[in-house]
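Q: pasting a predicted model and its sequence here:
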Amino acid sequence: MRRVAVLISGSGSNMVSLVAAMQADKAADPVLVLSNRPDAGGLAKAAAFGVPTAVVDHTAFADRAAFEGAVHAELVAAKADLVCLAGFMRILGEDFTRLWEGRMLNIHPSLLPKYKGLNTHARAIAAGDEQAGCSVHEVTAELDDGPVLGQARLAIRPDDTPDTLAARILPLEHRLYPAVLRRVVAGDRSPVVIQG
C-alpha cells in the first residue's frame, strides 16, 4: 500500500478529506501530516484520525534550503511514497521538488493554467469568466505549473464574490483531491473531471 504524507499550513480541510478517504477505501495509507506552523488547526484533526503529526516551523530556519531539508528528513523518516500538499503555504524550491518529482501533488483553487498564485477567485470574477473551480496537479519547480491530473468546475454566478465562490468550490476540492489520489496510487494518471 502506498504511504502518503500530507503537508498543511492551516485548518486542514483538504487533509481531512484525503485522510478520511484513505482510511475508508484503503487505497493508500496516511502516514504523516506535517505543518510548517505549530498552531495549524489541522494537526489536532490529523491526530484525531490517528495519523502521526510533525511540525517543521519555517521561522526556525536560516534559509529555505535548511527548512526543506528538515521537511524532507521527516518525509523520509515516515517512509512516504507520495506527498500531498493541502493548503501548504510555502513555495518549495527546485532541489526539493526534484527529490519528489512525480510523487508530489498539490490542489490549487483555479482552473489551471489560469490564475497561478494567489487571489484566484477574485481574478476569475474580474476577468468575467463563466466558470471557476480547482485543479490537482503534479508539483514541479515552477509554481502551479505541473501536469494537471484533475479539475472540478462550476458556473460563476452574477452575484458571486471571491468569498462566496471560494465557499462553493471548497466542497468540490474535497471531492476532487481524494479521487485524483485514488487514481494516482492505482497507477492511473488520466485526468479526473468533476462538474459541480
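A: Arrived safely.
Q: going by C-alpha atoms from here, please, whenever you check contacts or count neighbours.
A: Noted.
Q: quick one, strands of this protein?
A: 2-8, 28-35, 53-55, 82-85, 104-108, 131-138, 148-155, 192-195 (DSSP state E).
Q: domain map for this protein?
A: Domain assignment of the chain by automatic domain parsing yields the ranges 1-100, 106-196.
Q: export these to TSV and tack on mean neighbour count and mean pLDDT?
A: Output for these, formatted as TSV (neighbours: other Cα atoms under 10 Å; pLDDT from 0 to 100):
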stretch	mean neighbour count	mean pLDDT
domain 1-100	18	97
domain 106-196	18	97
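Q: so for residue 95, which of the strands of the chain sits nearest?
A: Closest to residue 95 of the strands of the chain is strand 104-108 (Cα to Cα; 13.3 Å).
Q: given the closest one, what are its sheet partners and their directions?
A: strand 82-85 (parallel), strand 131-138 (antiparallel) (DSSP bridges).
Q: residue 18 is in contact with residue 176, isn't it?
A: No - the pair formed by residue 18 and residue 176 falls short of the contact definition of Cα atoms under 8 Å, at 9.6 Å.
Q: and the longest helix for this protein?
A: The longest helix of the chain (DSSP state H) is helix 162-185.
Q: run the chain-centre distance for that helix.
A: Its chain's C-alpha centre and that of helix 162-185 lie 10 Å apart, by Cα atoms, centre = their mean, to the nearest Å.
Q: dump that helix to CSV, restricted to CA.
A: Taking Å, rounded to 0.1, in the frame of the first residue of the first chain, the C-alpha atoms of helix 162-185 are listed here in CSV:
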residue,chain,number,x,y,z
PRO,A,162,-14.5,35.9,-4.0
ASP,A,163,-15.7,34.6,-0.7
THR,A,164,-18.9,33.0,-1.9
LEU,A,165,-17.1,31.5,-4.9
ALA,A,166,-14.5,30.0,-2.6
ALA,A,167,-17.2,28.6,-0.3
ARG,A,168,-18.9,26.9,-3.2
ILE,A,169,-15.7,25.5,-4.7
LEU,A,170,-14.3,24.1,-1.4
PRO,A,171,-16.7,21.0,-1.4
LEU,A,172,-15.5,20.3,-4.9
GLU,A,173,-11.9,20.4,-3.7
HIS,A,174,-12.9,17.8,-1.0
ARG,A,175,-14.3,15.5,-3.7
LEU,A,176,-11.6,16.0,-6.4
TYR,A,177,-8.4,15.6,-4.3
PRO,A,178,-9.3,12.1,-3.0
ALA,A,179,-10.5,11.0,-6.4
VAL,A,180,-7.2,12.0,-8.0
LEU,A,181,-5.1,10.4,-5.3
ARG,A,182,-7.1,7.2,-5.6
ARG,A,183,-6.4,7.1,-9.3
VAL,A,184,-2.7,8.0,-8.9
VAL,A,185,-2.0,5.3,-6.3
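Q: ok, now which ones touch residue 53?
A: 32, 33, 34, 43, 46, 47 (Cα atoms under 8 Å, 6 or more residues apart in numbering).
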